[in-house]
Each structure stands twice: as structure tokens, then as C-alpha cells.
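Enquirer: sequence first, then the predicted structure:
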Amino acid sequence: MRYIALAAVFLGVLSLRPCAVSAADETPPLLHPQWSFDGVFGTYDRAAEQRGFQVYKEVCSACHPVKHLYFRDLTDIGYTEDEVKAIASTYQVTNEQPNDQGQMFQRPGRPSDPIPGPFPNDQAARAANNGALPPDLSMIVKARDGGADYVFSILNGYKDPPPGFKMLTGMNYNEYFPGHQIAMPPPLSDGAVTFADGTPNTVPQMAHDVVTFLTWAAEPNLEARHRDGFKVMMFLIVVAGVFYATKRKIWAAAH
Amino acid sequence: MAQTRPGAGGRIIKWIDYRLPFVGMLQHELYEYPTPRNLSYWWNFGSLSGIMLVVMIVTGVFLAMQYTPHADYAFDSVERIMRDVDYGWMLRYAHMNGASMFFALVYIHLFRGLYYGSYKQPRELLWILGVIILILMIMTAFMGYVLPWGQMSYWAATVITNLFSAIPVIGQGIVTFLWGGFTVGNPTLNRFYALHYLLPFIILAVVLLHLIALHRFGSNNPLGIDMRGPQDTLPFHPYFTIKDLFGLAVFLLIYSYFIFYAPNFLGNADNYIPANPMQTPNHIVPEWYLLPYYAILRSVPNKLLGVILAFGSIFLLFIVPWLDTSPVRSARFRPVYKWVFWLLVIDVAALGWVGANPPEGLVVTVGQIATLYYFVHFLILFPLIGKLERPRPLPASIATAVLQSGGEARLRGTGAPMAKS
């Protein structure tokens, strides 16, 4: 009886957590597509990641940086070292140190460089975007409640505002965004990118792929985490079993 | 039994022990230490908490080797740990979720003490040392939460340090002193880092005192009656070492699940946004283990009174041994307290729920009722129930009670515990 009460209290506390998001504004429940990285054995779909990187590069990167990603990280999503070198060299980056004349200079990117963002600093980003700061995308999936589902829903959530809804100038209606007014114009449209592997370039498909890429960007160690976690848990189950049997044997005579 | 057994190295140990009686002390305190034979699994949470403290110190020291305590670099350095340090993600997730696990263990440990009256004569100081540990833990956890310098770090630091501004006259001065400036900034981060590194070792010292006080009279037990002789006890090893080890394995399973499969479930997404003094998050929420105090703080319309009650809710625990007037320790023999105890559990859970939600409508009402009940529980119900309640008769001894449930033959078998099977 006591145990049931305790379990109920514990579960109650756990289940009450998500209530923190206010239910007052009518936001539909987030879309939840099938993610390759969901679940205990989840891994990233490499092809989707690479398509997602393409979407990021050709669409998102016009405004959004991926501050925590380096070119070298791209080997994680299935590019070879040579491919990564080739990708890096298509970017111009500012060298960290000045040259012999004391001048800062541009050079082709190397795998050890961070992937450069579209703007030199936040002020420049705001100036180019009507005062709004396009957030860093390398953390976006972890930095929003709802994670991958939330980002996917935002990308698919653009609609005409309901009749009578007052829009501020320069804002866009998005049914999943808190307050429904988002500064970012609809970033994706059917056919915005052409995938080399012939995957249909619809908005949901591109959103799915870019969110897979961004989830990897936010949580690059997810696969190792899932793999190690399984081993650790299996080991602990065996250990717990051995300890329990030993405990039973030691206590057999005492109780 | 008390002598170190001969064998490899036995003479060296004897030589050392003659001059430094450390092995003999461990032999006494960890091996033969007489422990009530009827301890339930609720008694696992003390040793688990101790192990968790060690886990936190070890993971923390390794994290500190990679972390940069500077307002401009802290956030990025945590991300570098997550991405570029070998198993850095595991260290950090273990440390981050470890804080939650540590509090969960300690709270269960604390409620176990409340249920079985473990704070009563002669264990008052043991209990008080435990409350000191809890306060030190809250301070340590709060300062640790500031270190990643995310949005929630920054604003939690702002909100909590600002509590001191409620103190009349000198309040604002204290806040400036705590910040080391006129806002939460780099000096604040630096001193929090220094203190976050220091406090766990102070906790360790108080844990040592807690253990010394514990070993003076030994553990309380589910019956709440004193041990009266060898028939009531079992040696700590192997009986309780193995029981603790089994509990540890089960605990580590739960802990690992969080580290590997839900590492951010207990955290707040906003803390993955770098600190921005110009933008306040929609809801500033502390970590779950501080929600009840936060709920009490917000339930009182007057700031100073809210601060006093929030702090008071913890400090109240210091006088619990004297608030409880019942001579009977265990709630098993206290027909009224047995149920009232669960009201407190529900009350604290309700406060947690209140703390997690924006203070509007029903949340405010529940918060005020739950806050009121919390203090009524300790200040009025505790002394009153002790006086009015008619406790059920206590068993003559632990051994008798075990004998009733376990059978005489099995009890007699304890002379040679390993003989059977």
C-alpha cells in the first residue's frame, strides 16, 4: 500500500513536469515524424544527415550559423576525410592569426576550422534581419522544448493567419511558434533544393532531413551514447542479478 | 574476530595498525559493526548518497580540468567538453544527472528518517548534521547550475541572489557583495566556481561527522526500538555490504538510464541558450529538486516573508527532533502519524508541481494551501499528534519481531549463517 502510494506520488511528479508550457494559447500538439535516432537503438540516418547538411548549406546558412560545428565533424555524417577537405575548401575563412604584414587575411577553409557563419557578429546579423537575431542552429534542437519535433513543426507550421489575427509588420504566422508571430519567413518551399540521390524535395522531406542534420549537430555523440548505454545497462542487469543471488544466499540463514 | 587475519601482507598491516590504528578502526566500523538485523531497503539510501557524493566529486574534478570559468568562454567550453573531450559527454551527463540523483537519494533518505523517527533521542545530532549536509548540497547545486552560463544559469543566479535584497537596509549591499559587481557577471561566475569546487569537500567532512554520529548508536530500524544485544544484530559485513551492493546496482541502472537515454529530461532546454542579460526567459524555473522551496517563496505575496518562509522550510528541519513529542520512533506503531506522514509527502509533491508552473489561478491557491500545510505539519501537527496519539504496543525486541515473522528455526541458524544452503 505504502509502495503504491509512493510510486503514485513519484509518477505524479514526473508527469506534471511538462505542464510548465502554458495551455492558454492554442498551439496544436507538435508533429512527430518517425526519427531514425529515436529509441534505445536509435542512430542517425547518414543519407538524411547529408541531405540535411545540403539543406542547411543552401537554405538555412543564409542567415543562421552553426557555431559549434567544425568541418572535421562532418566525417561523422559519412563524408570521407577527402570529401571534408573538399567541402572546407569551398569556404573562405579569416585566418586566426594576421600575416607577416600584420594584416588579417582570407584563405580557403580547412577541416580544423569552425564552419563560418553568414555574419561576422550578432549586430551585423540583426542589422540584416530587421532587428531579429537568427539563432545558432548547432544547438537549436537541444535549446527548445520539444527538440527535433519542435523544429520540424516550425518548418512545417507556416500558414495564413486566422481571420482577425493581428500581425505585426514583417512577421509571419506560424501555428507552432509561441505567440504565432515569427520573424523568420517560411524558409523552405517545394523544390528549394535538388537532392543528388533523387529524394523528393518536398517541404516535409527537406524539413525531416535538415532536422536530422541539426539533431546530430546538437547531439553528435548520440550514437555512442546509445551504444555504450546498452552495454552498461546489460552489464548492470547481470551485476544486479549476481548481487541479488549472493544476497539471498548470505541472508538465507539470517532471516 | 577483531584481529586482522594473518596472510599475505598481514604482518605489514599489523605493523602499521600498531602505530596508526586505522585498519582496526575500519575493521570495527565496516566489518563487525553491529547493525539491526531488520533493516529494510529504505536503509540503502544513506550509503547510496555517500557513493553519489564520491561520483559527483570524481566527475566534477575531471570536468574542472576542461572547463573555463569565464563569462565569455564558459558556455562554449562546456560544449567543447560535450563534443571534443573523450567521453566528455558521459562525464558531463553523469555530473548533471548525478545532481538530480543525489537529491532524489537524499530526499528519500530524509523522508525515511521522518517516517521511522530516526531523528529522535539519541540521534538528534545525527539528524542535524544531515540537515546541514542538505543545505550545503543546495548551495553547491545552485552554484554548479550557474557554471554552464546558459540562460537559466544566468537568470537563476539573478533571481536567487536577489532574494537577499529583501533584507531591510543592508539587503542591496549584500547582493552587490555576492555578485562582485552591479549585475551577475564574470566575478559572480568565478566565485561560484571556486565555491562549487570547495563545498563538496566540506560536505565530505560533514558526512564524516554524520557517520561518526551514526556509529555512536548505530542505525535506527523499521521497528524504531533499540538494539538490546547480539540476537538483535548482524555484522555489517557481509550482510549489509551485499545488501547495499545490490541496491547500488539497481540504483546505477536507473542512473544510467538517465545518462544514456534521457540525459536532458530533467534539465531545462533554455540552458542550452547562452546567457543573455538583455533577454529574460518566459518562465524562470529552478531544477526539480528546488521546486518546493521556490513554490513556498512565490506563494507569499510579501517578498521578505516569502524569503523567510522558503529558508525557514529547511531550517525548520533542525528542530524536528524537539517538535515531535512522541516517545515512539517508528510510524508503524503510530496509527495517526502513519497517515499524516503521507500528507507531507503529497504536500511536498504538490509544492513541486506549483513551483514548476507559472503562478496563475489554481497554481497560486494550491501553492498557498500547500505552504500553509507544510508549516502546520511540523509546527502544529507534530507536537499535537505526539501528545494525543495512542501508540500501539512495541515488540519486546528486534529479535522477537523477526522471530514472529521469520520462524524460530531460521533465527537459531544465525550462529553459523553460511552453514546452510
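Expert: Sure thing, it's come through.

Enquirer: neighbours around the closest residue to B:Leu214 other than its chain neighbours, how many?
Expert: Counting by C-beta to C-beta, 6 or more residues apart in numbering or on different chains, B:Leu214 lies nearest to B:Leu126, which is 5.6 Å off, once chain neighbours are set aside. The C-beta positions use only the backbone N, C-alpha and C, and glycine is treated the same way. A count of neighbours around B:Leu126, defined by other C-beta atoms under 10 Å in any protein chain shown, yields 23.

Enquirer: B:Leu126: what secondary structure?
Expert: helix (DSSP: H, G, I helix; E, B strand; the rest coil).

Enquirer: so what's it up against?
Expert: Contacts for B:Leu126 (C-beta atoms under 8 Å, 6 or more residues apart in numbering or on different chains) come out as B:Ser118, B:Tyr119, B:His210, B:Ala213, B:Leu214, B:Arg216.

Enquirer: B:His109 versus that one, what's the distance?
Expert: In this view, B:Leu126 and B:His109 are 12 Å apart by C-beta to C-beta, to the nearest Å.

Enquirer: rewinding a little: roughly how far apart are the residue nearest to B:Leu214 and chain A?
Expert: Distance, B:Leu126 to chain A, by C-beta to the nearest C-beta, to the nearest Å: 24 Å.

Enquirer: for B:Pro34, same thing?
Expert: According to C-beta to the nearest C-beta, B:Pro34 and chain A sit 13 Å apart.

Enquirer: got it, and B:Asn302?
Expert: Applying C-beta to the nearest C-beta to B:Asn302 and chain A gives a distance of 25 Å.

Enquirer: give me the number of residues near that residue?
Expert: Residues near B:Asn302, counting by other C-beta under 10 Å, number 10.

Enquirer: what's the nearest residue in the stretch 101-250 of chain A when you look at chain B?
Expert: Of all residues in the stretch 101-250 of chain A, the one sitting closest to chain B is A:Gly229 (2.5 Å; C-beta to the nearest C-beta).

Enquirer: next, the spatially closest residue to that residue that is not a sequence neighbour: phi, psi?
Expert: On the basis of C-beta to C-beta, 6+ apart, the spatially nearest residue to A:Gly229 that is not a chain neighbour turns out to be B:Phe260, at 2.5 Å. The phi and psi values for B:Phe260, taken as degrees, to the nearest 10, are phi -100, psi -30.

Enquirer: could you do the one 3 residues further on as well?
Expert: B:Pro263 adopts backbone torsions of phi -60, psi -30, taken as degrees, to the nearest 10.

Enquirer: give me the number of residues near the closest residue in space to it that isn't next to it in sequence?
Expert: With C-beta to C-beta, 6+ apart as the criterion, B:Pro263 has its nearest non-adjacent residue at 4.2 Å, and that residue is B:Tyr93. A count of neighbours around B:Tyr93, defined by other C-beta under 10 Å, yields 21.

Enquirer: what's B:Tyr93 in contact with, if anything?
Expert: Contacts of B:Tyr93 (C-beta under 8 Å, 6+ apart): A:Arg225, B:Phe258, B:Ile259, B:Phe260, B:Pro263.

Enquirer: before we move on, what about A:Trp35?
Expert: The contact partners of A:Trp35, by C-beta under 8 Å, 6+ apart, come to A:Gly42, A:Ala148, A:Thr212, A:Thr215.

Enquirer: report pLDDT for the residue of the stretch 201-350 of chain B found nearest chain A.
Expert: The minimum distance from the stretch 201-350 of chain B to chain A, using C-beta to the nearest C-beta, falls at B:Phe260 (2.5 Å). The model reports B:Phe260 with a pLDDT of 98.

Enquirer: I'd like to know how many residues surround it.
Expert: 24.

Enquirer: what does A:Gln106 give?
Expert: 10.

Enquirer: what sits against residue 141?
Expert: Just so you know, I chose chain A. Going by C-beta under 8 Å, 6+ apart, A:Val141 touches A:Gly147, A:Ala148, A:Val151, A:Val211, A:Leu214, A:Thr215, A:Ala217, A:Ala218, A:Glu219.

Enquirer: I was after chain B.
Expert: For B:Ala141, the contacting residues are B:Ala99, B:Phe103, B:Glu287, B:Tyr289, B:Leu290, by C-beta under 8 Å, 6+ apart.

Enquirer: again, 7 Å this time
Expert: Applying C-beta atoms under 7 Å, 6 or more residues apart in numbering or on different chains, we find B:Ala141 in contact with B:Ala99.

Enquirer: ditto for B:Val354
Expert: Neighbouring residues of B:Val354 by C-beta under 7 Å, 6+ apart: B:Ala295, B:Val363, B:Val366, B:Gly367, B:Ala370.

Enquirer: and those as CSV, adding neighbour count, secondary structure and pLDDT?
Expert: Listed next are these as CSV, based on neighbours: other C-beta atoms under 10 Å in any protein chain shown; DSSP: H, G, I helix; E, B strand; the rest coil; pLDDT from 0 to 100:
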residue, neighbour count, secondary structure, pLDDT
B:Ala295, 28, helix, 97
B:Val363, 19, helix, 96
B:Val366, 17, helix, 97
B:Gly367, 25, helix, 97
B:Ala370, 23, helix, 98
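
Enquirer: which among those gets closest to chain A?
Expert: Nearest to chain A among the contacts of B:Val354, with distances taken as C-beta to the nearest C-beta, is B:Val363, at 9.2 Å.

Enquirer: just to revisit the earlier point, need the contacts of A:Val141 in JSON lines with pLDDT, distance to A:Asn121 and secondary structure, can you?
Expert: Formatted as JSON lines, those follow (pLDDT from 0 to 100; distance: C-beta to C-beta, whole Å; DSSP: H, G, I helix; E, B strand; the rest coil):
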{"residue": "A:Gly147", "pLDDT": "96", "distance to A:Asn121": "28", "secondary structure": "helix"}
{"residue": "A:Ala148", "pLDDT": "97", "distance to A:Asn121": "29", "secondary structure": "helix"}
{"residue": "A:Val151", "pLDDT": "97", "distance to A:Asn121": "24", "secondary structure": "helix"}
{"residue": "A:Val211", "pLDDT": "98", "distance to A:Asn121": "27", "secondary structure": "helix"}
{"residue": "A:Leu214", "pLDDT": "98", "distance to A:Asn121": "22", "secondary structure": "helix"}
{"residue": "A:Thr215", "pLDDT": "98", "distance to A:Asn121": "27", "secondary structure": "helix"}
{"residue": "A:Ala217", "pLDDT": "98", "distance to A:Asn121": "21", "secondary structure": "helix"}
{"residue": "A:Ala218", "pLDDT": "97", "distance to A:Asn121": "23", "secondary structure": "helix"}
{"residue": "A:Glu219", "pLDDT": "97", "distance to A:Asn121": "27", "secondary structure": "coil"}
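
Enquirer: which parts of the stretch 101-250 of chain B are helices?
Expert: Along the stretch 101-250 of chain B, counting by DSSP state H, counting those that start in this stretch, helices occupy B:124-146, B:151-162, B:171-179, B:186-217, B:236-261.

Enquirer: go on, the stretch 101-250 of chain A?
Expert: Along the stretch 101-250 of chain A, counting by DSSP H, counting those that start in this stretch, helices occupy A:122-128, A:147-156, A:203-218, A:222-251.

Enquirer: quick one: contacts of the first one?
Expert: Translated: helix A:122-128. So helix A:122-128 is contacted by A:Phe119, A:Ala132, A:Leu133, A:Pro134 (C-beta under 7 Å, 6+ apart).

Enquirer: mean confidence for it?
Expert: Helix A:122-128 comes out at a mean pLDDT of 95.

Enquirer: and that helix, how far out from the chain middle?
Expert: Put simply, helix A:122-128 sits 23 Å off its chain's centre (C-alpha atoms, centre = their mean, to the nearest Å).

Enquirer: check which residues of that helix are buried.
Expert: Neighbour-count burial for helix A:122-128, counted by 16 or more other C-beta atoms under 10 Å in any protein chain shown, picks out A:Ala125.

Enquirer: just the last one next, same as before
Expert: Within helix A:222-251, the residues that qualify as buried by neighbour count (16+ other C-beta under 10 Å) are A:222-223, A:225-226, A:228-229, A:232-233, A:236, A:239-240, A:243-244, A:247, A:250-251.

Enquirer: between it and helix B:236-261, how many degrees?
Expert: If you take axes from the mean of the first three to the mean of the last three C-alpha atoms, to 10 degrees, helix A:222-251 sits at 160 degrees to helix B:236-261.
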